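Peer 1: Next comes the sequence, and after it the predicted model I'd like to discuss.
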Amino acid sequence: MKTFALLRSIRKRPTQREIIGPLQSRSFQPDFVPADPKAKPIKYKLPATYDPYGPRPPPSDKIIQLAEKIAALPPEERMQIGPTLRARLRHPKMQSISADGVDLGAQGGSGAGSAKAEEKVEKIAFDIKLEKFEAAAKIKVIKEVRAFTSLGLKEAKDMVEKVPVVIKQGVTKDEANEIIEKIKAAGGVAVME
């Protein structure tokens, strides 16, 4: 008997008031006062500049004198201040970030400056292109292509028959040289781009 009562209490469906909630079931709350539609909105004055750290005290006379001495230095000596302070305060050296593959758009610069930057960048990812193969070695070349790609027999055969074709993209120089040697041993000619 007790189990049936327990099951009924568990299976009891919630009432409408329990579903809506105690505050939402009331249609009118007497302590609620609507805003006056004729009232003017409050306008807040924003500061001209926003300083997230708040107002700061003015620099001391010692700092002002130091800044004047630095400004009076010749440009060659001013360039030495940053590295000297970094070494003295034991700050880590800033590492340059590579922008390979990032399109800078119109801001990237143009002319001789960008051409020099492109010459300095060493290529790290290469594509392997199968240019030709001997007709007698077609099966061996297909096997080699299947060995370093995840293609099936039919896909590898179709790819080899479409020479010249790029067979692998984005590999390192060492891996590319290894694959080229394997294709050369099988009777094909592959190049690195």
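Peer 2: Ah, there it is.

Peer 1: Tell me, how many residues neighbour residue 80?
Peer 2: 10 (other CB atoms under 10 Å). Bear in mind the C-beta positions are built from the backbone N, C-alpha and C, glycine included.

Peer 1: Same check on residue 55?
Peer 2: Neighbour tally, residue 55, other CB under 10 Å: 5.

Peer 1: Residue 155: neighbouring residues, count only.
Peer 2: 13.

Peer 1: for this structure, which helix is longest?
Peer 2: Longest helix in the chain, counting residues (DSSP state H): helix 173-186.

Peer 1: now for that one, which elements pack on it?
Peer 2: Applying 3 or more CB pairs under 8 Å, 6 or more residues apart in numbering; DSSP states H and E, one finds that helix 173-186 makes contact with strand 126-133, helix 138-148, strand 165-171, strand 188-192.

Peer 1: list the buried ones in that helix?
Peer 2: Of the residues in helix 173-186, 176, 179, 180, 182, 183, 186 count as buried by neighbour count, 16 or more other CB atoms under 10 Å.

Peer 1: how big is the angle separating it from helix 138-148?
Peer 2: Relative orientation of helix 173-186 versus helix 138-148 (axes from the mean of the first three to the mean of the last three CA atoms, to 10 degrees): 160 degrees.

Peer 1: Quick one: distance of helix 173-186 to the chain centre.
Peer 2: In terms of CA atoms, centre = their mean, to the nearest Å, the centre of helix 173-186 is found 32 Å from the chain centre.

Peer 1: Low-confidence stretches in this structure?
Peer 2: 1-33, 94, 101, 103-121 (pLDDT under 70).

Peer 1: between the buried residues of helix 173-186, which is closest to residue 164?
Peer 2: Residue 164 lies nearest to residue 183 out of those, by CB to CB, at 12.8 Å.

Peer 1: Tell me the spacing between that closest one and residue 39.
Peer 2: Applying CB to CB, to the nearest Å, the value for residue 183 to residue 39 is 82 Å.

Peer 1: Tell me the buried residues in the host helix or strand of residue 154?
Peer 2: Using DSSP states H and E, residue 154 maps to helix 153-161. By neighbour count on 16+ other CB under 10 Å, the buried set for helix 153-161 is 156, 157, 159, 160.
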